[in-house]
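Trainee: using only what follows, build the 3D model:
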Amino acid sequence: MSAPPNLPKMSYRLLGRSGLYVSAISLGGWLTYGGHVDDENTFACMKAAYDSGVNFFDCAEGYADGKSEEVMGEAIRKFGWKRNDLVISTKVYYGSAFSANPVNNRGLSRKHILEGTSASLTRLGLTYVDLLYAHRPDRLTPMEETVRAFNHLISSGQALYWGTSEWSADEIASAWRVADRLGLVGPLMEQPLYNLLDRERVEREYAHLYRETGLGLTVYSPMKSGMLTGKYTDGVPPDSRFAQEGVEYIAGYWRRTGKEAWDANIARVNRLRPIAEQLGVTQGQLALAWVLRNPHVSSAITGASRPEQVYENVRALEVVDKLTPEILEKIDEILENKPPAIVERF
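Mentor: Model (predicted):
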């Protein structure tokens, strides 16, 4: 299967202040590959992404207990893709794929960072990953230990860059202070939640880090697990992501938010429909293009269970330039959730 001929050309962005280019749209395996999407559909989605110009594929040791890494590695071998054409990332912190015993197999100790990364590389069938993330902050391990461990992996060639995921601005700044003091490499990138409904951290909390450290963003859930596509307007379809209540994150989502918050978000999403119709695009493309409109976003990590979803996401590239200041202002008025500005967003 090759990509449809009418797809826009993929754009590539520098990752933070590095010289590494990543595709503006990337493909991730969270809650899907190795999980409720079978291997053949995983292969089909990854090939659709690759044929569309995607070069960045994201996974983690904790995704489907390591099976996400395994199936992504199988896809790379199956299609014979050249390693130098790919940007592969994984994350360490949740060690469930490594051992059922949580003692020393979870967190950001030197022991788990080194052993967990080695296990991830084995599952991927690779000698190195381009990007290695600290999947969550570990407030029980000294920051110096964590920074030294990631730098050891860079020095030994097992990772090319390291970064963080869902760290606070203070924690990222602390890692940079330690790295600067020791003459080591600080975290290049952060992988936060960012979409039309979740804006505070990216637009306000991290504002000073873009200037001070050149922080790059590879954001996840740009369509809030499908909520921003409009597919949940009339309830939760049985084949949708939020119907998978056997997945702990999704079951936990319902516990954390409740029906009232869900209904409020759906009402806000529904009010965006006229803007999508005015632009002649889907609500999902509008949501993804809005994320890509932010110049601090190096890549938006998308999920897909069918190749058609990959192609629809790639078409969001054509929508970015349609989001004029007037359209962005309308969106802000509808959502009423723009964080108080420290600096202008765009």
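
Trainee: rest of the way, CA atoms for contacts and neighbours
Mentor: Noted.

Trainee: surely residue 154 meets residue 160?
Mentor: Yes - taking C-alpha atoms under 8 Å as the contact criterion, residue 154 and residue 160 are neighbours in contact, 5.4 Å apart.

Trainee: stretch 294-304: which residues count as buried?
Mentor: 296, 297, 298, 299, 300, 301, 302, 303, 304 (16 or more other C-alpha atoms under 10 Å).

Trainee: same deal with stretch 278-291?
Mentor: Neighbour-count burial for stretch 278-291 [16+ other C-alpha under 10 Å]: 281, 282, 283, 284, 285, 286, 287, 288, 289, 290, 291.

Trainee: residue 294 is in what secondary structure piece?
Mentor: Under the assignment given by DSSP states H and E, residue 294 is not contained in any helix or strand.

Trainee: begin at 25 from here
Mentor: Sure thing, new numbering starts at 25, so read that last one as residue 318.

Trainee: quick one, phi/psi of it?
Mentor: When read as degrees, to the nearest 10, the backbone of residue 318 gives phi -80, psi 120.

Trainee: now do the same contact list for the nearest residue to residue 226 once chain neighbours are set aside.
Mentor: Sequence neighbours aside, residue 218 is the residue nearest to residue 226 in space, at 6.8 Å (criterion: C-alpha to C-alpha, 6 or more residues apart in numbering). By C-alpha atoms under 8 Å, 6 or more residues apart in numbering, residue 218 lies in contact with 226, 243, 244, 245, 246, 315.

Trainee: can we see that at 10 Å?
Mentor: Counting by C-alpha atoms under 10 Å, 6 or more residues apart in numbering, residue 218 touches 224-227, 241-248, 315, 321, 324.

Trainee: buried ones from the residues you listed, can you make that a ChimeraX selection?
Mentor: Selection command for ChimeraX covering only the buried members of the contacts of residue 218, criterion 16+ other C-alpha under 10 Å:
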select :225,226,227,241,242,243,244,245,246,247,248,315,321,324
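
Trainee: related to what we said a few turns ago, got any residues that touch both of residue 178 and residue 184?
Mentor: 152, 153, 154, 155, 156.

Trainee: which of these lies closest to residue 119?
Mentor: Using C-alpha to C-alpha, the shortest approach to residue 119 within the shared contacts of residue 178 and residue 184 belongs to residue 156, at 14.6 Å.

Trainee: tell me the pLDDT of that closest one.
Mentor: Looking at residue 156, its pLDDT is 98.

Trainee: for residue 26, same thing?
Mentor: 70.

Trainee: run a quick neighbour tally on it.
Mentor: A count of neighbours around residue 26, defined by other C-alpha atoms under 10 Å, yields 10.

Trainee: also the one 5 residues further on?
Mentor: Under the neighbour criterion other C-alpha under 10 Å, residue 31 is assigned a count of 16.

Trainee: could you look up the SS state of it?
Mentor: At residue 31 the chain is in coil, as set by DSSP: H, G, I helix; E, B strand; the rest coil.

Trainee: any weak-confidence spans in the stretch 75-224 of the chain?
Mentor: For the stretch 75-224 of the chain, the stretches with pLDDT under 70 are 120-123.

Trainee: ok, 80 please
Mentor: 120-124 (pLDDT under 80).

Trainee: please enumerate the strands of it.
Mentor: 80-82, 111-116, 153-158, 183-188, 213-214 (DSSP state E, counting those that start in this stretch).

Trainee: the last one pairs with which strands, parallel or anti?
Mentor: Paired with strand 213-214 in the same sheet, following DSSP bridges, are strand 183-188 (parallel), strand 240-244 (parallel).

Trainee: what's the answer for the second one, then?
Mentor: Here strand 111-116 has these sheet partners by DSSP bridges: strand 80-82 (parallel), strand 153-158 (parallel).

Trainee: how about a markdown table for those strands, with distance to residue 68 added?
Mentor: Output for those, formatted as a markdown table (distance: least, C-alpha to C-alpha, whole Å):
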| stretch | distance to residue 68 |
| --- | --- |
| strand 80-82 | 14 |
| strand 153-158 | 22 |
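
Trainee: what would those strands look like in CSV with mean neighbour count?
Mentor: Formatted as CSV, these follow (neighbours: other C-alpha atoms under 10 Å):
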stretch, mean neighbour count
strand 80-82, 24
strand 153-158, 24
